[in-house]
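> what's the 3D shape of this:
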Amino acid sequence: MNSKQQIVDALVHVLPATMTPEQIEIKIERPKDSDNGDYAFPTFFLAKELHKAPQMIAQELLPQIDQSNFEKVVVAGPYINFFLDKVQVGAAILGEVLADPKNYGSSDLGHGGNVPIDMSSPNIAKPMSMGHLRSTVIGNSLANILSKVNYNPIKINHLGDWGTQFGKLMAAYKMWGSEEEVKADPINTLQKYYVRFHQEDKGNPALDDDARAWFKKLEDGDEEATHLWEWFRSESLKLFMKIYDVLGIEFDSFNGEAFYNDKMDEVVQMLEDKHLLQESKGAEIVDLEKYDLNPALIKKTDGATLYITRDLAAAIYRQRTYNFVQSLYVVGNEQQNHFKQLKAVLKEMGFDWSDNIHHVPFGLITQGGRKLSTREGRIILLENVLNDAIDLARKQIDEKNPDLPQADEVAKSVGVGAVVFHDLKNERLNNFDFDLAEVVRFEGETGPYVQYAHARAESILRKASQPDLSNVDKSISDPNAWEVVKALGQYQDIIQRAAREYEPSVVAKYAIQLAKDFNQYYAHSKILVEDDEKMARLALVQAVSDVLKSALALLGVKAPDEM
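Okay, here's the model as predicted:
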């Protein structure tokens, strides 16, 4: 049931012929106060063309509009306000949700086009911290959202498995490490070596020379360096996979930085062939002055490559492999300049598809207002946070519903879901402080609050013995139901907006509002009372359950039927 389309159909015959239906639809707004209608159409933009005041235009258009499909249409200043026929529209929306709940809200924005999503990308030999959470869950949610609008997302975990940090780690291991200690507790031990290297490096710059020498050995295929690298990588992946399993996130590719080692020579050769490489103080650069950017450093003075060299190889590989319509990089806000340089170099190389590359930046998670730092040893381990969240959820479940079946499984869904939801409800560019007790609350604008609204809907349906709602009259005259029905009808628009803006918080905030609207309805209306509209009310409850579950799934959060 496309209510906006109903308004477009009513306006297209009375507006100037220069306006297409698409242009009309873009102008339609939702009033903040429902007393001003369900939709509003502003007339400011017509003033210049019609040489009249917007208020007068609205008044003159009103009698020309066919109002037969609306409850009423009124003018308020320069706005034409449309009040939908609540019973008719409500029945149509509920019918549409229940006819195909799995696909409700889907659309065909993407026409099946491929969208590689570079996401998560933890560094080998370092534990996954809360700093990795954002890229992981934002990327996963965007994949779900894009899939819902018929793109084909390809989730790529571009592992940080190459670079000078490996030189530092190898140097640290050779100076202070032991094989037994690493085997006993691989990641924490390697992390300890890395932190110690940076502490001692401050008073001993010669350590940097050792690190550079070890990384050069690795690049040159030295047997010992390669062995250490493979060992550190395999131990890291075991821990990463354990955490991804808890989060319920899978990937289509683990091709990290090392995968592109044999693909960089071609990139450098292409840059040379196009006369883009210049020498600067012994290093090789691409001048990007015309883009108002600093030069892109392609090779250091010692011949070692950099992130951008590998990212150029990766971008070209992904275009050749996937022929993408968009390519997303879910990487922190501090890397904006890097991605501007990447796109500019690709543009200089003649690759117009670089216009379809989009950096999807995000803000920081802080603790006590301070940035988390692996290098300084000030980190919050993601595995610990998820375990603590599950424990906290279990305690609350034991207090509220001690006889809950499968309580451990529900606690995992609620605890992990709470952490994921809290991240995604924040607009991705915003920084936010993390407080676990606030995150796993069952009240307020939290994941457990939305999950609980879904579980409440399922509880009502169980009390009604899970009735067959396929052929019932879904007309509800109860005015308390309208805000819920209207929210259900907005789901497709919400998903499309989230996809266009690469913004999962749009879906998370929608889920919170739908849960609030439903709880408000539940508080004011007796759903199970025996009357002519009982089945229609149950249809509404089923539709809410279906859409809340769908919205949570888009965020990568499970929806338990009982809590």
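> against N144, how distant is the spatially most central residue of the chain?
With distances taken as Cα atoms, centre = their mean, the residue of the chain nearest its centroid is I138 (3.1 Å). Applying Cβ to Cβ, to the nearest Å, the value for I138 to N144 is 11 Å. All C-beta spots, glycine's among them, are computed from the backbone N, C-alpha and C.
> hmm, back to that, now do the residue nearest to the centre of the chain, the pLDDT please.
For I138, the pLDDT comes out at 98.
> buried residues in the helix or strand containing Q165?
Q165 belongs to helix 164-176 when assigned by DSSP states H and E. Buried residues in helix 164-176, counted by 16 or more other Cβ atoms under 10 Å: T164, Q165, F166, G167, K168, L169, M170, A171, A172, Y173.
> quick one: the strands in the protein, in order.
Secondary structure of the chain by DSSP state E: the strands cover 39-42, 70-76, 79-84, 114-119, 152-157, 277-280, 283-286, 296-299, 327-329, 357-359, 365-367, 370-371, 432-433.
> between those strands, which gets nearest to R394?
strand 365-367 (23.4 Å; Cβ to Cβ).
> check which residues of that closest one are buried.
I365.
> pairing partners for it, with directions?
As defined by DSSP bridges, the strand partners of strand 365-367 come to strand 370-371 (antiparallel), strand 432-433 (parallel).
> ok now it, how far from the chain's centre?
19 Å (Cα atoms, centre = their mean, to the nearest Å).
> and the contacts of it?
With contacts defined as Cβ atoms under 8 Å, 6 or more residues apart in numbering, strand 365-367 is touched by M130, G131, L133, R134, L372, I380, D423, N431, F432, D433, F434.
> where's the dip in pLDDT among those residues?
By pLDDT, L372 ranks lowest within those, coming in at 67.
> I'd say L461 and L538 touch.
Yes: using Cβ atoms under 8 Å, L461 makes contact with L538 at a distance of 6.8 Å.
> more crowded one of the two?
Between L461 and L538, counted using other Cβ atoms under 10 Å, the more crowded position is L538 (22 against 18).
> just to revisit the earlier point, only whichever of the contacts of strand 365-367 are buried, select them in ChimeraX.
Filtering those down to the buried ones (16+ other Cβ under 10 Å) takes a single ChimeraX command:
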select :130,131,133,134,372,380,423,434
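> from the contacts of strand 365-367, which land in helices?
L133, R134, D423 (DSSP state H).
> next up, the contacts around the first one.
Shown here is L133, whose contacts under the criterion Cβ under 8 Å, 6+ apart are I365, L382, V385, V419, D423.
> could I get the contacts of strand 365-367 as a markdown table with distance to I57?
Formatted as a markdown table, these follow (distance: Cβ to Cβ, whole Å):
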| residue | distance to I57 |
| --- | --- |
| M130 | 53 |
| G131 | 53 |
| L133 | 50 |
| R134 | 46 |
| L372 | 55 |
| I380 | 57 |
| D423 | 45 |
| N431 | 44 |
| F432 | 44 |
| D433 | 48 |
| F434 | 51 |
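> which two among the contacts of strand 365-367 are spaced furthest apart?
Largest pairwise distance in the contacts of strand 365-367, by Cβ to Cβ, is 14.8 Å, between I380 and N431.
> P21 contacts V12, doesn't it?
Yes: using Cβ under 8 Å, P21 makes contact with V12 at a distance of 5.6 Å.
> contact partners for N426?
Contacts of N426 by Cβ under 8 Å, 6+ apart are G363, F432, S505.
> where does the stretch 301-450 of the chain dip in pLDDT?
For the stretch 301-450 of the chain, residues meeting the criterion pLDDT under 70 lie at 304, 372-378.
> could you redo the last one with a cut-off of 90?
301-307, 366-381, 432-435 (pLDDT under 90).
> could I get the full set of helices for it?
Applying DSSP state H, counting those that start in this stretch to the stretch 301-450 of the chain gives helices spanning 307-322, 336-348, 382-400, 407-425, 436-439, 447-463.
> just so I know, which of the ones you listed lies nearest K238?
Judging the helices of the stretch 301-450 of the chain by Cβ to Cβ, what sits closest to K238 is helix 382-400, at 12.1 Å.
> list the buried ones in the closest one?
So, applying 16+ other Cβ under 10 Å, buried residues of helix 382-400: L382, E383, V385, L386, D388, A389, I390, L392, A393, R394, Q396, I397.
> would you tell me which helix is longest in this structure?
helix 223-247.
> nearest spatial neighbour of V286, skipping sequence neighbours?
A296 (4.4 Å; Cβ to Cβ, 6 or more residues apart in numbering).
> and the one you found, what does it touch?
I285, V286, L288, I308, Q341, L342, A344, V345.
> rerun at 7 Å
Going by Cβ atoms under 7 Å, 6 or more residues apart in numbering, A296 touches I285, V286, L288, I308, Q341, V345.
> can you list those in TSV and add neighbour count and distance to Y329?
Converted to TSV, the contacts of A296 look like this (neighbours: other Cβ atoms under 10 Å; distance: Cβ to Cβ, whole Å):
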residue	neighbour count	distance to Y329
I285	18	22
V286	21	19
L288	18	18
I308	18	12
Q341	22	13
V345	25	15
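> just those residues now: which is nearest M270?
V345 (10.3 Å).
> and S135, how far is that from G160?
S135 is 11 Å from G160, by Cβ to Cβ.
> please enumerate the shared neighbours of these two.
S121.
> next, format the strands paired with strand 365-367 as a markdown table and append distance to D38.
As requested, those are arranged in a markdown table below (distance: least, Cβ to Cβ, whole Å):
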| stretch | distance to D38 |
| --- | --- |
| strand 370-371 | 44 |
| strand 432-433 | 33 |
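> can you give me the offset of the helix or strand bottoming out on mean pLDDT in the chain from its chain's centre?
Ranking every helix and strand in the chain by mean pLDDT, DSSP states H and E puts strand 370-371 at the bottom, with a mean of 74. In terms of Cα atoms, centre = their mean, the centre of strand 370-371 is set 23 Å apart from its chain centre.
> which residues touch that strand?
Residues contacting strand 370-371 (Cβ under 7 Å, 6+ apart): L364.
> just the CA atoms of stretch 340-347, as PDB, please.
C-alpha atoms of stretch 340-347 as PDB (Å, rounded to 0.1, in the frame of the first residue of the first chain):
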ATOM      1  CA  LYS A 340      40.000  11.000  -1.300                       C
ATOM      2  CA  GLN A 341      43.500  10.300  -2.500                       C
ATOM      3  CA  LEU A 342      42.600   6.700  -3.600                       C
ATOM      4  CA  LYS A 343      39.700   7.900  -5.700                       C
ATOM      5  CA  ALA A 344      41.800  10.800  -7.200                       C
ATOM      6  CA  VAL A 345      44.700   8.500  -8.200                       C
ATOM      7  CA  LEU A 346      42.200   6.000  -9.800                       C
ATOM      8  CA  LYS A 347      40.600   8.900 -11.600                       C
END
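> quick one: residues in contact with that stretch.
V286, L288, Y291, L293, A296, I308, D311, L312, A315, S354, I357.
> could you redo the last one with a cut-off of 10 Å?
Defining contact as Cβ atoms under 10 Å, 6 or more residues apart in numbering, one finds that stretch 340-347 is touched by 267, 271, 276, 286, 288, 290-298, 307-309, 311-312, 314-316, 319, 329, 335, 351-359.
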